[in-house]
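Enquirer: sequence plus predicted model, see below.
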Amino acid sequence: MGRALSGKAVRASHRVIIMNCSRVTPPGWIQPCLVLSWAFSYACAAPAIAQGNALNPVVVSASRMEQNISDVLASVSVITRQDIERAQAPTLVDLIQGQAGIEIGRNGGPGTTASIFMRGQASTNVAVFVDGVPLQRDAYGVLRLIDLPPNQIEKIEILRGNMGAVYGESAVGGAIHIFTRAGSAASGPSATSSYGSRNSRDLAAAYRINQPELKLAISMQHFASDGYSAMNARQNPKSVNPDKDSFERSSLFAQGEMLIGNALSLGLQANRIDAKLDYDSSFNPFTFGAASPLDRQRAEQQSSDLTLYGRFKPMAAWSSRLALTQSRIESQDFYNSRANGSYDGDQRALQWDNSYKIGNGNASFGFDLVDAAFKTSESYKRESRAYFAGYSARVDRLDYQANLRRDEINATSGNTSNDKSASSWLLGAGYAMTDQLKLTALLSTAFRAPAVGELFGFYGNPKLEPQKHKGSELGLQHQSALGRMRAVYFSTDTQNDFGYGPDYKPYNIVKSENKGFELSIAGNAAGWAYQLSAVSQDPRNAETGTALARRSKAYGSVDLTKTALGIDWASKIFWSASRKDSDFNSFVNASYAVVNLTASTLLSPQWRARVKLENAFGARYQLAYGYDAVPRGLFIGLQYQPLQHPSR
């Protein structure tokens, strides 16, 4: 299993994580036929709109305020707790893979380096939040995706498109909001266990108290797998170590919140994750040559988060939340048991969020203050100050939204400092042509300042200018009691985009762009629940016309679920067309299609048996050049949940 290295190799590896596809090609006719069949099946059934149900859930990410998904102007989708349990995914990355608008790049199986692409934007331009707190990034702006165990997650909201005016400089492609389970589950103990292919073991346990005045939760999980040899022997004939690449992760999560009076609640949340993994690399960091098949690489990672927060409602129209978070990540790499560099990252965040009802609408305002310190072979600091405001309202058949945000960034290395600042805005409108059909439009700007590692050090470029983004969307949405459909045309233009030369140093591309269509459908028909998505896009360097590396021109997914014979059945198909491998080689990686199958049945009101067939048809594919993705696997499990008590 490959992953980003530390020390001297880390800078190069962050630039050459190769995101690509595999050799399994779906028939050429499958994409247009799927789209036509989806549209036809959806058009056959459409009565009145349903508010607040599974097809029209409440979300908060689109405008920082509660809205039914049918009222949201931006493109958003939700992974519910029921979806999470049905997927039986071992990690967060496995859970979001194949979701609408998301592409994943990964150097092997669970625990390995993963990147998220949205709307053609790189992982550095995708924001990820856990209970409103931004996930920590390293010195190069790369998300430190030490996976949050799915048993701790209540739901995930995926917001697609340029949201820089709402969530800041890293939200150009979109934002992923993860909500933990603290006060949302029934009181009492719960547990899950599973065993399967590659000697994979997963054991999780939790205890929760969910009362109006007090919410407490503590959960633990241990996941381990012997893994498989991820590096492809044909593509790396001189470097492959044929041993299995194991992965092990232990986590502890605790949260408590107490209501004090009628207007104030105080809470504390703590999280700790420890992970160990073996991986393969074709590079020897000590000789700067090729690795030997006998070489062994290992990494150890630790992350911890502590958040103190308060919720205050001084009046019926005003809700406020203040949160202080301390996060830390440590990573150590070993090459043949020899230390091969380390990474330490500390982040402190102070956030103030407010929602105020004014007339027919709601206003949001507040600030995000983030200080981060990084230490590898060099030390860096990055300070971010952001102030934001927004307003959304409905007047007759017209919905509108306006957001404004100011970001000020200071990056330092020793006595050298680099200051960047910019303002971003978003304007959106929606017009209800009928009770079911709505036309939406969005215009937005954003910017992304260089990370400290992109400015300073041996692989830095102090002349690097911030990226400047302009986005637009035009959408058509249909919502009924039987389903929801949304079709969107989107366009993003980027000035001063970042590229990388043969020396791995970043430089400013004059302009890049991405234009495309996105279709998402969810509904029920003939006892089946379905979710369908498809994206067609063209991310490219606008000056040379060449495709941007590691981004597909077409991808999508199909989710089908049905209850029959007392068993809940589910299938997920996700596929991607071929894509350019890298700016540094001529490889074009083939398309792939992967099928996951799951089933579960109640043994009693509290006990459930589960089974999963991962990569059911044994597709051989890659999400990073030279590294094979997870092969077929069979897993069986058992779940215990407390009974739901409406009085609680």
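Expert: Alright, I've got the coordinates. Numbers count the residues shown, from 1 in each chain.
Enquirer: then the helix or strand hosting N403 to PDB, C-alphas only?
Expert: If you go by DSSP states H and E, N403 is part of strand 398-413. Presented in PDB, the C-alpha positions along strand 398-413 are these (Å, rounded to 0.1, in the frame of the first residue of the first chain):
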ATOM      1  CA  LEU A 398     -38.800  33.500  -5.500                       C
ATOM      2  CA  ASP A 399     -36.000  32.100  -3.300                       C
ATOM      3  CA  TYR A 400     -32.800  34.100  -3.100                       C
ATOM      4  CA  GLN A 401     -29.500  33.800  -1.200                       C
ATOM      5  CA  ALA A 402     -26.500  36.200  -0.800                       C
ATOM      6  CA  ASN A 403     -23.200  35.600   1.000                       C
ATOM      7  CA  LEU A 404     -20.100  37.700   1.500                       C
ATOM      8  CA  ARG A 405     -16.900  36.500   3.100                       C
ATOM      9  CA  ARG A 406     -13.500  38.100   3.800                       C
ATOM     10  CA  ASP A 407     -10.400  35.900   4.200                       C
ATOM     11  CA  GLU A 408      -7.000  37.100   5.500                       C
ATOM     12  CA  ILE A 409      -4.100  34.700   5.400                       C
ATOM     13  CA  ASN A 410      -0.600  35.000   6.900                       C
ATOM     14  CA  ALA A 411       2.000  32.300   6.200                       C
ATOM     15  CA  THR A 412       5.400  32.400   7.800                       C
ATOM     16  CA  SER A 413       8.600  30.400   7.700                       C
END
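Enquirer: against which helices or strands is that strand packed?
Expert: Under the contact definition 3 or more C-beta pairs under 8 Å, 6 or more residues apart in numbering; DSSP states H and E, strand 398-413 sits against helix 164-167, strand 379-395, strand 416-432, helix 452-455. Yep, even glycine has a C-beta here, placed from its N, CA and C like the rest.
Enquirer: which helices and strands sit right next to the first one?
Expert: Secondary-structure packing of helix 164-167 (3+ C-beta pairs under 8 Å, 6+ apart): strand 379-395, strand 398-413, strand 416-432, strand 437-448.
Enquirer: any idea how far it is from the chain center?
Expert: Between the centre of helix 164-167 and the centre of its host chain there is 16 Å, according to C-alpha atoms, centre = their mean, to the nearest Å.
Enquirer: average pLDDT across it?
Expert: Helix 164-167 carries an average pLDDT of 95.
Enquirer: would you say G111 is within a strand?
Expert: No - according to DSSP: H, G, I helix; E, B strand; the rest coil, the state of G111 is coil, so it is not within a strand.
Enquirer: my guess is it contacts D278. True?
Expert: No - using C-beta atoms under 8 Å, G111 is not in contact with D278, being 9.2 Å away.
Enquirer: picking that back up, out of the helices and strands packed on strand 398-413, flag the one nearest K553.
Expert: Of all the helices and strands packed on strand 398-413, helix 164-167 sits nearest to K553, with 24.3 Å by C-beta to C-beta.
Enquirer: next helix or strand past the closest one?
Expert: Next in sequence after helix 164-167, counting helices and strands by DSSP H and E, comes strand 174-180.
Enquirer: buried residues in that next one?
Expert: Buried residues in strand 174-180, counting neighbours by 16 or more other C-beta atoms under 10 Å, are found at 174-180.
Enquirer: between those, which is closest to D368?
Expert: The shortest distance between D368 and any of the buried residues of strand 174-180, using C-beta to C-beta, involves A175 and amounts to 12.8 Å.
Enquirer: tell me what that closest one is bridged to.
Expert: Taking DSSP bridges, one obtains A127, L159 as the residues bridged to A175.
Enquirer: who's in contact with it?
Expert: In this structure, A175 makes contact with 61, 126-129, 159, 163, 166-167, judged by C-beta atoms under 8 Å, 6 or more residues apart in numbering.
Enquirer: redo those as a markdown table? Include distance to S219 and neighbour count.
Expert: Listed next are the contacts of A175 as a markdown table, based on distance: C-beta to C-beta, whole Å; neighbours: other C-beta atoms under 10 Å:
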| residue | distance to S219 | neighbour count |
| --- | --- | --- |
| S61 | 23 | 25 |
| V126 | 26 | 23 |
| A127 | 25 | 25 |
| V128 | 20 | 25 |
| F129 | 20 | 17 |
| L159 | 26 | 25 |
| M163 | 30 | 28 |
| V166 | 30 | 26 |
| Y167 | 27 | 25 |
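Enquirer: how about JSON lines for those residues, with distance to N418 added?
Expert: Compiled in JSON lines, these are given as follows (distance: C-beta to C-beta, whole Å):
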{"residue": "S61", "distance to N418": "31"}
{"residue": "V126", "distance to N418": "23"}
{"residue": "A127", "distance to N418": "21"}
{"residue": "V128", "distance to N418": "25"}
{"residue": "F129", "distance to N418": "26"}
{"residue": "L159", "distance to N418": "29"}
{"residue": "M163", "distance to N418": "25"}
{"residue": "V166", "distance to N418": "25"}
{"residue": "Y167", "distance to N418": "22"}
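Enquirer: check contacts around the spatially most central residue of the chain.
Expert: Averaging the C-alpha coordinates of the chain gives a centre point, and the residue nearest to it by C-alpha atoms, centre = their mean is I176 (5.0 Å). With contact taken as C-beta under 8 Å, 6+ apart, I176 is in contact with 96, 116, 126-129, 156-159.
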